Structure formats: structure tokens, C-alpha cells
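> Show me the folded form of this:
(one chain, ligands or ions: 2)
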Amino acid sequence: MVYIDKMNNKIKDLISDIGIDRYNHSLRVIETAVDLGKIYNADIKKVKEAALYHDCGKIGNTDEVMKISIEKNIKLTEEDKKSPEVVHTKLGAYLAKYKYHVTDEDVLNAIKYHTTGRADMSFLEKIIYIADYTEPKRDFPGVKKVREESKKNLDKSILTALKNTINYLKSKNEYIHKDTINAYNFINENRRSDILKENTQKDLKTLLEAASDKKAYNFKLIDISKISSIADYFLICSAGNTKQAEAIADNIVEKMSEKKIKINHKEGYRSGKWILLDYNHIVVHIFVKEERDKYNLEKIWLDGKDIDVENFGIENWS
Ligand SMILES: [Fe+2]
Ligand SMILES: [Fe+2]
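Ligands and ions are numbered 1, 2, ... in the order given. Prediction:
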């Protein structure tokens, strides 16, 4: 009961600070953020708290917010001063901490960066950023697309939202906060490396299927991305004889080139007893049995991470 009274008082304070319209906006942000939180398995309690207080710093117009922030000695960067619209987020994080007694740093940061985003945004920061951008009453060009994207790919939706914001500010000749640019670069970089990882997985599947079709066996797939810059993966397999080793290599090259993946380097040791196919990110070694035993390549890469080729639907036999 005491808890409910305390909570009710906090809500009353919040409504009297930000007004009923903005409070209702916050409720819609809660609803949107919780829906996203469920899709992406977020901590719903944190999501609700961050969404409820995200705009608690909007306690007047931009000038008033700036004035109060200065009075409260809130540290504002030169960037913040050039983008006064953003200052309510800094005041918000301050009020959330000292007036509403929010203690969780992640929640406070989600409030602090809900308008600009930033480099290294946390998962919660992303959810609050996009929920604020897409809550159901938001209605501006491009918001529908971001709303749909947010349910399928959080980072992609944030990237689109940031791009929209940057283009909008540019068109109005308004200053773009550095945190917004940093957020864009950060998410863009992450997305690119995610796409690269996805493509590598597709390439591995193509390679393995091509080798398996020509009866390669005893596959050993090693993830060496963390221990070497030579490649991301080493794929080692055996062939019954030199002719078969060549057939495996030819099939791999053919199937990879069908997917427009060019080979960097090809080498056939000891007349097909050991064939190497270097695709930069993946290096394939095809051995006839005696050579494989002799060189025992897998021993060199013991620190790598073994990957089960059955993950790619390939039956492995030795
Ligand atoms: Fe806001
Ligand atoms: Fe908001």
C-alpha cells in the first residue's frame, strides 16, 4: 500500500512536471517499448522505467529547460548547447536520478540518449530510442517503415531512423549533434559486420555442400577469427585419392564462382595430394589421407574453435 502511494505520488509529480499530453506520450512509449522488449527479450522492468521517465526533463520549452539545466549545474557539452532540443534528455537523466530515484545506470543512460543515440548504445538505449521514435501517434514521413523494421531488425530500424533525422536536420540547416553521427557510424559498422558474418556462413554452406557432393570426408571446420588474421575459418577435409581431391576442389571453385565469390589463390601440392583454396575469409585444405596425417594441420590450430559441420546440414564421416 505504501509502495502504491509512493508510486502514485511519483506519477502525480511527473504529470505536473511534463503535462498530461506528454505523460500520455510516455505511456505510448512504454507500450511500444514493452512490445519490442518482448520480441527481443529485454528486461521489461527496466524498459518500463526508462520509457516512463524518458521525457521527465521536458518541463517547459527549450529555453526553460536550458535555464533549469544551467541552474542545476548539469554538465552540458558544446554539442548540447548547439542542439538545445537535446538538453531535456540531460535534465531528464538528472531528474530521474534525484527526483524520481532511478538508480539503474542503464535506465539513466536510456533517458539521456533517447533523442540522439550514441556510439556503443546499449540494448535498452536502442529500445527506448526507437520506441520514442515510433510510438503509435508519431506521424511523419518514413515513420511507418521504421515502425515495421523495428519489429524485425532493431539495428536496421535505428539506422533508418538516424538517417531520417540526419537528413531532416540537414534540410532545415540545423545542427546535428555529434552523438547522432556517432550512433549512426556505430550501428552502421555493426550492421556491416553482421552482414559479413551472415555472408561467411552462407559461403561455408556452399563450400561444404560442394565438397560433400564430391565425397569429401572427415571435415574439420575451425573458427580462427579470434586467433589469427590469416582468415576467419579453416576447412580441412579428406579425399580418397588425388583425382577425387581435384574433383572436390573443382566443384568448390565452380559452386563458389556461381555465387560470384572469387578465389584469391589456389595451390596444388604434390600433384593433388594437398590442394589449398584460399578465399581470404575461408581457407580450404583438401588432403589425401596420408598427407593429412603427415602434416596434421589441425594440430597447429588447436586454439581455434571447432565448428560442427552438421550445423550446416552436412553429414560427417571419417
Ligand atoms: Fe524526448
Ligand atoms: Fe519522447
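
> chain center to the helix or strand F287 falls within, what's the gap?
Using DSSP states H and E, F287 sits within strand 282-288. Computed by C-alpha atoms, centre = their mean, to the nearest Å, the chain-centroid distance of strand 282-288 equals 32 Å.

> repeat for stretch 63-75
Averaging C-alpha positions (C-alpha atoms, centre = their mean) puts stretch 63-75 34 Å from its chain's average.

> Identify each buried residue in that stretch, please.
Counting neighbours by 16 or more other C-beta atoms under 10 Å, one finds that the buried residues in stretch 63-75 are 65-66, 68-69, 74. From N, CA and C alone the C-beta is placed, and that goes for glycine too.

> go on, stretch 147-164?
Applying 16+ other C-beta under 10 Å to stretch 147-164 flags 147, 149-150, 154-155, 157-162, 164 as buried.

> Same check on stretch 76-91?
Judged by neighbour count using 16+ other C-beta under 10 Å, the buried positions of stretch 76-91 are 76, 79-80, 83-84, 86-91.

> Need the residues that contact that stretch.
With contacts defined as C-beta atoms under 8 Å, 6 or more residues apart in numbering, stretch 76-91 is touched by 55, 57-59, 62-63, 65-66, 68-70, 72, 74-75, 111-116, 174-179.

> what about 6 Å?
For stretch 76-91, the external contacting residues (C-beta atoms under 6 Å, 6 or more residues apart in numbering) are 57-58, 62, 65-66, 69, 74, 112, 114-116, 175, 177-178.

> Tell me which residue in the stretch 201-318 of the chain sits closest to ligand 2.
Proximity of the stretch 201-318 of the chain to ligand 2 (C-beta to the ion) peaks at Q201, 37.8 Å away.

> Give me the number of neighbouring residues for that residue.
13 (other C-beta atoms under 10 Å).

> How about the backbone phi and psi for it?
Main-chain torsions, Q201, degrees, to the nearest 10: phi -60, psi -40.

> What distance do you get for it to C237?
With distances taken as C-beta to C-beta, to the nearest Å, Q201 is found 18 Å from C237.

> same question, D194
28 Å.

> Looking at these two, which one has more neighbours?
Set D194 next to C237 and count neighbours by other C-beta under 10 Å: C237 wins out with 26 against 13.

> And that one, how far from V253?
From C237 to V253 the distance is 15 Å (C-beta to C-beta).

> just curious, which of the buried residues of stretch 63-75 is nearest to ligand 2?
Once C-beta to the ion is applied, the member of the buried residues of stretch 63-75 that ends up nearest ligand 2 is V65, at 13.2 Å.

> what's in contact with the strand or helix carrying that closest one?
Under the criterion of DSSP H and E, V65 resides in helix 62-71. For helix 62-71, the surrounding residues in contact (C-beta under 6 Å, 6+ apart) are 84, 87-88, 91.

> Show me which helix runs longest in this protein.
For the chain, the longest helix by residue count, based on DSSP state H, is helix 2-40.

> How about that helix and ligand 2, any contact?
No - using C-beta under 5 Å from the ion, helix 2-40 stays clear of ligand 2, with a minimum separation of 5.7 Å.

> Check which helices and strands that helix sits against.
Other helices and strands packing on helix 2-40, by 3 or more C-beta pairs under 6 Å, 6 or more residues apart in numbering; DSSP states H and E, are helix 44-53, helix 123-134.

> Same question for that helix: list its buried residues.
Neighbour counts over helix 2-40 (16+ other C-beta under 10 Å) mark 10, 14, 17-18, 22-23, 25-26, 28-30, 32-34, 36-37 as buried.

> how big is the angle separating that helix from helix 123-134?
90 degrees (axes from the mean of the first three to the mean of the last three C-alpha atoms, to 10 degrees).

> how close does K81 get to G60?
17 Å.

> Mind checking what secondary structure S238 has?
Following DSSP: H, G, I helix; E, B strand; the rest coil, we place S238 in the strand state.

> The nearest residue to it once chain neighbours are set aside sits in which helix or strand?
Nearest residue to S238 in three dimensions, chain neighbours excluded: N218, at 4.4 Å (C-beta to C-beta, 6 or more residues apart in numbering). Using DSSP H and E, N218 sits in strand 217-223.

> Could you find the closest non-adjacent residue to G37?
Closest residue to G37 apart from its sequence neighbours, by C-beta to C-beta, 6+ apart: V47 at 4.2 Å.

> if I pick the one you found, what's in contact with it?
Residues near V47 by C-beta under 6 Å, 6+ apart: 33-34, 37, 127.

> Which one of the buried residues of helix 2-40 is nearest to I314?
L36 (36.1 Å; C-beta to C-beta).

> what's the spacing between the nearest residue in space to the closest one that is not next to it in sequence and R292?
Nearest non-adjacent residue to L36, counting by C-beta to C-beta, 6+ apart: I127, 5.2 Å away. Taking C-beta to C-beta as the measure, I127 falls 49 Å from R292.

> Could you list the low-confidence segments of this protein?
Along the chain, segments meeting pLDDT under 70 span 1-6, 269-270.
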